[in-house]
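Student: Okay, sequence plus prediction incoming.
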Amino acid sequence: MAPWPFQSGVSKDIATGVMATLVIFSASVFMPVIGFLFSMFIPLPVLFYRTKLGRRHGMIVPLVAIAVIGFIIGGITMDIVFFSGLMLLGFALSEMFEKALPVEMAIVAACGIVLGVGLGAMVMYSIASNTGVVSLVSAYVATNLKLSLQLYQSIGIPQETIDAISGSLDRIQYVLVRILPSLVAASTLFVAWTNLIAARPILERRGLAFPDYGRLNRWRAPDVLIWGVIGSGLIMLLPATGFRLIGINGLLVVLTVYFIQGIAIVSFFFEKKKLPRPIRVVLYIMIALQQLFLLVIVCIGLFDMWINFRKIDPDKREPDLPA
């Protein structure tokens with residue numbers, strides 16, 4: 001029988017997990033500009049302690065962290081839904097680690113759980129606040145756009161640029177609300193993949209189980225996914241606005257998968273050329289911050305289906321190297 005939280009070192013692990021989560025949360029909220037990079041790793045402590053402590057004790061970490069964050073923010077808000085979703089993602093990933101699933105299925109299943117629960121929570125919140133879901137999302141986007149403008153002013157962005165953005169705020173809000181489903185799905189996929197990669201060396205160094213997904217920098221998206229790109233592109237050509245929105249949303253999600261494949265290719269060549277780790281980190285940060293690099297990485301991932309940059313046999317599976 002598993003020990004109760006107040007026994008042995010379980011309570012210490014829970015406290016450490018909560019503190020680690022709150023530290024990352026604080027960095028993501030209170031550090032302007034780069035804070036979003038920290039928010040990507042909010043799932044990591046939950047994933048680690050769910051794997052170490054098991055389901056029953058592991059779930060205490062996100063529950064306590066959510067309660068503390070709720071106290072800091074001042075009640076149940078959309079931000080609580082957002083941060084809770086990130087913690088649920090870490091928990092769900094750890095759950096999937098215990099299943100005999102390929103890495104694609106583990107990621108999709110974990111993201112599906114988070115998106116399903118998040119949608120349900122948002123609907124319940126809209127009912128409780130007597131506000132429609134679309135109105136709720138529009139208000140949330142508008143609030144965050146205004147906060148972004150204030151942030152731009154505080155970090156010295158030229159006033160002309162701020163005026164131009166401010167004048168287009170309604171149109172930006174209009175577009176963002178309509179592509180928000182794909183933005184949420186795509187970011188969930190990317191955060192899940194990032195935490196999966198980050199968790200592996202941490203878990204293995206602590207002697208905890210991590211599934212053998214093979215060499216992840218050899219990973220390729222299923223070939224059938226190309227039909228998602230073609231189908232979404234064709235739907236975007238239809239004259240009805242509703243269909244075009246469906247096409248845009250579908251395309252953004254599929255291209256995110258090809259972005260992940262592009263990053264795997266980049267990682268493969270970093271490893272092959274034996275680039276020092278600090279240089280790799282700098283290059284990854286440049287990819288994250290430069291939109292042009294993002295587009296290049298997506299194209300590399302997409303065209304790898306035909307070019308096979310890494311010259312690897314797609315049917316041959318190589319075991320991963322020790323962390």
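Tutor: Structure's in. What do you need?
Student: Residue 141 contacts residue 175, doesn't it?
Tutor: No - counting by Cβ atoms under 8 Å, residue 141 stays clear of residue 175, with 9.8 Å between them. Yep, even glycine has a C-beta here, placed from its N, CA and C like the rest.
Student: what's the residue closest to the geometric middle of this protein?
Tutor: Nearest to the geometric centre of the chain sits residue 191, at 2.1 Å (Cα atoms, centre = their mean).
Student: Helix or strand: which one has it?
Tutor: helix 169-205 (DSSP states H and E).
Student: That helix - contacts with which helices or strands?
Tutor: Applying 3 or more Cβ pairs under 8 Å, 6 or more residues apart in numbering; DSSP states H and E, one finds that helix 169-205 contacts helix 43-58, helix 78-97, helix 103-128, helix 133-154, helix 241-272.
Student: angle of the first one against helix 103-128?
Tutor: Relative orientation of helix 43-58 versus helix 103-128 (axes from the mean of the first three to the mean of the last three Cα atoms, to 10 degrees): 80 degrees.
Student: what do you get for the last one?
Tutor: For the pair helix 241-272 and helix 103-128, the angle between their directions (the same axes, to 10 degrees) equals 140 degrees.
Student: related to what we said a few turns ago, and the helices and strands packed on helix 169-205, which one averages the lowest pLDDT?
Tutor: Here the lowest mean pLDDT among the helices and strands packed on helix 169-205 goes to helix 133-154, at a mean of 83.
Student: Run through who's touching that helix.
Tutor: Outside helix 133-154, the residues within contact range by Cβ atoms under 8 Å, 6 or more residues apart in numbering are 32-33, 78, 122-123, 125-126, 129, 131, 161-162, 165-166, 169, 172-173, 176-177, 180.
Student: List only buried entries from those.
Tutor: The neighbour-count test (16 or more other Cβ atoms under 10 Å) applied to the contacts of helix 133-154 identifies 78, 122, 125, 126, 173, 176, 177, 180 as buried.
Student: of those, closest to residue 286?
Tutor: residue 176 (25.2 Å; Cβ to Cβ).
Student: Can you tell me the closest non-neighbouring residue to that closest one?
Tutor: Closest residue to residue 176 apart from its sequence neighbours, by Cβ to Cβ, 6 or more residues apart in numbering: residue 141 at 5.1 Å.
Student: The helix or strand harbouring residue 304 to helix 241-272, inter-axis angle?
Tutor: Residue 304 belongs to helix 291-307 when assigned by DSSP H and E. Going by the same axes, to 10 degrees, helix 291-307 is angled at 80 degrees with respect to helix 241-272.
Student: pretty sure residue 45 contacts residue 14?
Tutor: No - checked against Cβ under 8 Å, the pair residue 45 and residue 14 is beyond contact range at 10.7 Å.
Student: Comparing the two, which residue is more hemmed in?
Tutor: Counted by other Cβ atoms under 10 Å, residue 45 and residue 14 do not tie: residue 45 has more neighbours, with 25 against 20.
Student: Need the overlap of contacts for residue 45 and residue 14.
Tutor: Residues touching both residue 45 and residue 14 comprise residue 61, with contact defined as Cβ under 8 Å, 6+ apart.
Student: If you count neighbours, what's buried in the helix holding residue 304?
Tutor: By 16+ other Cβ under 10 Å, the buried positions in helix 291-307 come out as 293, 297, 298, 300, 301, 302, 304, 305.
Student: For the residue nearest to the centre of the chain, give its distance to residue 213.
Tutor: Per Cβ to Cβ, to the nearest Å, residue 191 is found 17 Å from residue 213.
Student: same check, this time on residue 222
Tutor: Per Cβ to Cβ, residue 222 is found 15 Å from residue 213.
Student: Which of these two has more residues huddled nearby?
Tutor: Neighbour comparison, residue 222 and residue 213: the larger count goes to residue 213, with 20 against 11 (by other Cβ under 10 Å).
Student: wait, that one sits on residue 104?
Tutor: No - judged on Cβ under 8 Å, residue 213 makes no contact with residue 104 at a distance of 9.3 Å.
Student: Please identify the one among the buried ones among the contacts of helix 133-154 that lies nearest to residue 99.
Tutor: Nearest to residue 99 among these: residue 122, at 27.1 Å, using Cβ to Cβ.
Student: ok, the closest one - contacts?
Tutor: 78, 81, 133, 136, 137.
Student: Just send the buried ones among the contacts of helix 133-154 back as TSV, with distance to residue 62 too.
Tutor: Shown next, in TSV, are the buried ones among the contacts of helix 133-154 (distance: Cβ to Cβ, whole Å):
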residue	distance to residue 62
78	18
122	18
125	18
126	23
173	31
176	28
177	28
180	24
